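A.B. asks: okay, sequence plus prediction incoming.
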Number of protein chains: 2
Amino acid sequence: MHSFTEENYLKTIYYLANRRQGEVSTNALAEMTATKAASVTDMLRKLAEKQLIHYKKYQGVRLTDEGERLALQIIRRHRLWEVFLVQKLGFGWDEVHEIAEELEHIRSEELVTRLDTYLGYPQFDPHGDPIPTPAGQMPETGYRKLSEVEAGEGVCLMAVLEHSTEFLKHLDHSQLTLGCQVTVNEINTFDKSVLVQIESGRSVFISHEVARNLLVKN
Amino acid sequence: MHSFTEENYLKTIYYLANRRQGEVSTNALAEMTATKAASVTDMLRKLAEKQLIHYKKYQGVRLTDEGERLALQIIRRHRLWEVFLVQKLGFGWDEVHEIAEELEHIRSEELVTRLDTYLGYPQFDPHGDPIPTPAGQMPETGYRKLSEVEAGEGVCLMAVLEHSTEFLKHLDHSQLTLGCQVTVNEINTFDKSVLVQIESGRSVFISHEVARNLLVKN
DNA sequence: ATAAAAATTTAGACGACCCTAAATTTTTAG
DNA sequence: CTAAAAATTTAGGGTCGTCTAAATTTTTAT
């Protein structure tokens, strides 16, 4: 089948293609996979031969339908395992990424199916990211960034864009939890920081940098 | 740290050393790991350099204390995951070996600790094999083979030596379950097959080949 | 429009793990 | 006790995924 490494490249291409729209560059992949551009080029040739990506030299790269199907399968596994680690084993949401990076490569369709059932068919992982369907569809969420919300609006905190331990610990510290109702009281014009009120009635100051990484819905 | 492959060699050396007493041969390892003797020699040199085995050319191999500690750690992980797969995900005891072979290599001490707690600190895996302690001790069981039990004795089925799907399915079919009380009614002198009575009152015929792979206690 | 800068690919190499074929050592049988 | 058989190791090589250095293509800035 496909190697551990190939799976990681596919997942990374999917991620980058959806962050910055369009083709993914060799350098961006090298940075994300912590390798060098030359190594990426080698792998791209291999993935192109296997028909998992569309690749023209010097032109960047795009997943084929089959490549996207595989990428979504890996992402589905990753997110289901994260749910398991947090809900069943009691890990913090800031501790599960690295472990799920390994678990996502376990090769057993049956395992994923049973895990999904065991977890009660969750729709979202602990960071609020939607879990792709068994058929390989990424659910649409229609979330906005908190940084784009107008003053006076009340919204619900749904997901985080940044997964680093530091960022997540910072949110815990500010009592910002997913599912939490927040009302935007003030938007500072000069630094775009916001002052929100959370359910407990407490006011929380949120920098623009943080607000850009919080996804909300009405 | 240590590679996936190194871990598998250590585990296999442990297994073979405890089956046939004493030193483990290159050929035996080649057969178990489904590689060739020449490849085994390469790996043995590497493991010896890392001080995980005692190795003299042409003399067979033995784990060092550190090597045994690592082997028991892998075996502990393997068996805990098997418990998870059977008890939590509902897999059959004949379906879990291959998946646990992959899960056992996930590198997180915290994960194993939490899994152990989640499972309620099980002492035995679904095949009745004892789970090594966190400190790296293999619990003694004192089981005997069913093939060594005298006629008239009543014993309890505790574990299986053979883990193949065919063997386990055969036991399921004969209604032989772990924990099952059996009384040996007859031992055939010419083929050493035994006739036992199980809890339900049913009589079950067990060939010597099968009896040799069943472990019991009084 | 073109020269400098940036991005990408090619060339050549390395470590991990595996292989086959040949050489060497140990074991076994007569 | 020695010659044949069996086990093991060495020699030389292959693939995968990585690297550095050099060559090539694309982009950017003047």
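C.D. replies: Ah, there it is. Numbering: from 1, shown residues only, chains lettered A, B, ... in the order given.

A.B. asks: going by C-alpha atoms from here, please, whenever you check contacts or count neighbours.
C.D. replies: Fine.

A.B. asks: could you spell out which stretches of chain A belong to which domain?
C.D. replies: Chain A breaks down by automatic domain parsing into domains covering A:4-63, A:144-217.

A.B. asks: quick one: end-to-end length of the longest one, please.
C.D. replies: In domain A:144-217, first residue to last residue: 6 Å (C-alpha to C-alpha, to the nearest Å).

A.B. asks: let me know the average pLDDT across it.
C.D. replies: For domain A:144-217, the mean per-residue pLDDT is 95.

A.B. asks: between the domains of chain A, which gets nearest to residue B:138?
C.D. replies: Set against residue B:138 and scored by C-alpha to C-alpha, the domains of chain A come closest in domain A:4-63, at 32.1 Å.

A.B. asks: now look at the closest one and say if it contacts DNA strand C.
C.D. replies: Yes - using C-alpha under 7 Å from any atom of the strand, we find that domain A:4-63 touches DNA strand C at A:25-28, A:37-42, A:56-60.

A.B. asks: which one of the residues you listed is nearest chain B?
C.D. replies: residue A:39 (21.3 Å; C-alpha to the nearest C-alpha).

A.B. asks: quick one: secondary structure of that closest one?
C.D. replies: Assigned with DSSP: H, G, I helix; E, B strand; the rest coil, residue A:39 falls in the helix class.

A.B. asks: next up, identify which helix or strand the residue lying closest to it once chain neighbours are set aside is on.
C.D. replies: Spatially, and ignoring its direct neighbours in sequence, residue A:39 is nearest to residue A:30 (7.8 Å; C-alpha to C-alpha, 6 or more residues apart in numbering or on different chains). Here residue A:30 sits within helix A:26-32, counting by DSSP states H and E.

A.B. asks: helices or strands up against that helix?
C.D. replies: Contact partners of helix A:26-32 among helices and strands, from 3 or more C-alpha pairs under 8 Å, 6 or more residues apart in numbering or on different chains; DSSP states H and E: helix A:4-19, helix A:37-49.

A.B. asks: list the buried ones in it?
C.D. replies: Neighbour counts using 16 or more other C-alpha atoms under 10 Å in any protein chain shown place A:26, A:27, A:28, A:29, A:30 of helix A:26-32 among the buried residues.

A.B. asks: just the buried members of the residues of domain A:4-63 next to DNA strand C?
C.D. replies: Neighbour-count burial (16+ other C-alpha under 10 Å) applied to these gives A:25, A:26, A:27, A:28, A:37, A:40, A:41, A:60.

A.B. asks: export these to a markdown table and tack on pLDDT?
C.D. replies: Output for those, formatted as a markdown table (pLDDT from 0 to 100):
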| residue | pLDDT |
| --- | --- |
| A:25 | 96 |
| A:26 | 97 |
| A:27 | 96 |
| A:28 | 96 |
| A:37 | 97 |
| A:40 | 98 |
| A:41 | 97 |
| A:60 | 91 |
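
A.B. asks: got phi/psi on the residue positioned nearest the centre of chain A?
C.D. replies: For chain A, residue A:129 is the residue whose C-alpha lies nearest the centre (C-alpha atoms, centre = their mean; 5.7 Å). The phi/psi pair for residue A:129 (degrees, to the nearest 10) reads phi -70, psi 140.

A.B. asks: thought it was touching residue A:159?
C.D. replies: Yes - counting by C-alpha atoms under 8 Å, residue A:129 sits close enough to residue A:159 to count as a contact (6.3 Å).

A.B. asks: for chain A, what lies in contact range of DNA strand C?
C.D. replies: With the criterion set to C-alpha under 7 Å from any atom of the strand, chain A comes near DNA strand C through A:25-28, A:37-42, A:56-60.

A.B. asks: quick check: of those, which lies closest to residue A:155?
C.D. replies: residue A:28 (33.5 Å).

A.B. asks: what sits closest to the closest one if chain neighbours are left out?
C.D. replies: What sits nearest to residue A:28 in space, not counting adjacent residues and going by C-alpha to C-alpha, 6+ apart, is residue A:16, at 7.9 Å.

A.B. asks: per-residue pLDDT, the one you found?
C.D. replies: pLDDT at residue A:16 comes out at 96.

A.B. asks: same deal with residue A:22?
C.D. replies: Residue A:22 carries a pLDDT value of 82.

A.B. asks: so which strand or helix has it?
C.D. replies: Counting by DSSP H and E, residue A:22 is found in no helix or strand.

A.B. asks: for the residue nearest to it when sequence neighbours are not counted, give me its contacts.
C.D. replies: Of all residues beyond its chain neighbours, the one nearest residue A:22 is residue A:62 (7.7 Å), with distances taken as C-alpha to C-alpha, 6+ apart. Residue A:62 makes contact with A:13, A:17, A:22, A:23, A:24, A:53, A:54, A:55 under the criterion C-alpha atoms under 8 Å, 6 or more residues apart in numbering or on different chains.

A.B. asks: one more pass at 7 Å, please.
C.D. replies: By C-alpha atoms under 7 Å, 6 or more residues apart in numbering or on different chains, the contact list for residue A:62 reads A:23, A:24, A:53, A:54, A:55.

A.B. asks: could you do residue A:184 as well?
C.D. replies: A:151, A:152, A:153, A:154, A:194, A:195, A:196, A:197.

A.B. asks: state the next helix or strand along the chain beyond whichever strand or helix holds the last one.
C.D. replies: Just to be clear, that refers to residue A:197. Taking DSSP H and E as the definition, residue A:197 sits inside strand A:194-198. Following strand A:194-198 in sequence order, the next helix or strand is strand A:203-206 (DSSP H and E).

A.B. asks: secondary structure class for residue A:184?
C.D. replies: strand.

A.B. asks: could you give the bridge partners of it?
C.D. replies: Using DSSP bridges, the beta-bridge partners of residue A:184 come out as residue A:196.

A.B. asks: how close does it get to residue A:176?
C.D. replies: Between residue A:184 and residue A:176 the distance is 13 Å, computed by C-alpha to C-alpha.

A.B. asks: circling back to that earlier point, what does the helix holding residue A:30 rub up against?
C.D. replies: Residues from elsewhere that reach helix A:26-32 (C-alpha under 7 Å, 6+ apart): A:36, A:37, A:40, A:41, A:60.
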